[in-house]
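S.K.: Below are the sequence and a predicted model; questions follow.
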Amino acid sequence: MPITKAEYLLSAPDLSICPDDDKPEIGFAGRSNVGKSSVINALTRRKKLAHTSNTPGKTRSLNYYLIDDLWYLVDMPGYGYAKISRKEQSRWGREMKRYLLERKQLQLVVVLIDIRHQPGVLDREFLLWLGEHQIPFCVVLNKSDKISKNKLPHRKKNVQTLLDEMNIEVPVFIVSAQQPESMNELQSFIMDFAHISR
């Protein structure tokens, strides 16, 4: 079923600010330029829910969006953006690890990767880290509208091969923020995985 209600709730720079309830949380992670905000807008069918920017690294907190009053979509700070101080990068890293390891409400991490490129070093490190810590996740290959359709299966297979080499078995989805219908399978998986029912 399509999402009928989506609203920005709050930005949490650390875990103490996160919502104090038991609603399931789905975290969205990825490099700073991977298009997380656009995917969130397409998934929720809201053009301006998450602020998009041409400047990477704008998300510096955990941005919470309440979906259908049932669950939270959590936009995590993008990794790999270097134009901030090392101190700030270190703080982000600590808080994100705390969130991923300690937040009991977190049900699933959606890792976005630009389908036009091979997963970079930071992508691979993050996927391996999630696997080593047994944190449930799926991989979403974004910007599928930017390459020809006949290349899509090959790009997906490359990522699945990488995951196999890490001894990780998780779903891999192909989406485009320009094609909201491409989000249907991902949305169904999220709802089923987190046992979210209307």
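M.R.: Yep, it's here.

S.K.: What confidence value was assigned to the residue lying closest to residue 139 once chain neighbours are set aside?
M.R.: In space, not counting the residues next to it along the chain, residue 139 is nearest to residue 172; the distance is 4.7 Å by C-beta to C-beta, 6 or more residues apart in numbering. Quick note: C-beta positions are derived from backbone N, CA and C, even for glycine. We have a pLDDT of 98 for residue 172.

S.K.: Go ahead and produce PDB holding the CA coordinates of whichever strand in the chain runs longest.
M.R.: Counting residues, the longest strand in the chain under DSSP state E turns out to be strand 106-114. Output of strand 106-114 as PDB, limited to C-alpha atoms (Å, rounded to 0.1, in the frame of the first residue of the first chain):
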ATOM      1  CA  LEU A 106      16.400   0.300  14.500                       C
ATOM      2  CA  GLN A 107      15.100  -2.600  12.400                       C
ATOM      3  CA  LEU A 108      16.900  -2.200   9.100                       C
ATOM      4  CA  VAL A 109      19.500  -0.100   7.400                       C
ATOM      5  CA  VAL A 110      19.000   0.800   3.800                       C
ATOM      6  CA  VAL A 111      22.400   1.400   2.200                       C
ATOM      7  CA  LEU A 112      22.300   3.500  -1.000                       C
ATOM      8  CA  ILE A 113      25.000   3.100  -3.600                       C
ATOM      9  CA  ASP A 114      25.200   5.000  -7.000                       C
END
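
S.K.: after it comes which helix or strand?
M.R.: Later in the chain than strand 106-114, the nearest helix or strand by DSSP states H and E is helix 121-132.

S.K.: okay, the angle between that following helix and strand 106-114?
M.R.: Angle of helix 121-132 versus strand 106-114, following axes from the mean of the first three to the mean of the last three C-alpha atoms, to 10 degrees, is 150 degrees.

S.K.: returning to that earlier point: remind me what the longest strand of the chain packs against, helices and strands.
M.R.: strand 25-30, helix 86-102, helix 121-132, strand 137-142, helix 184-193 (3 or more C-beta pairs under 8 Å, 6 or more residues apart in numbering; DSSP states H and E).

S.K.: and the ones you listed, which one is worst for confidence?
M.R.: helix 86-102 - the lowest mean pLDDT of these, at a mean of 79.

S.K.: And the residue nearest the centre of this structure?
M.R.: When C-alpha atoms, centre = their mean is applied to the chain, the residue found nearest the centroid is residue 28 (2.0 Å).

S.K.: What is the least confident helix or strand in this structure?
M.R.: helix 86-102 (a mean of 79; mean pLDDT, DSSP states H and E).
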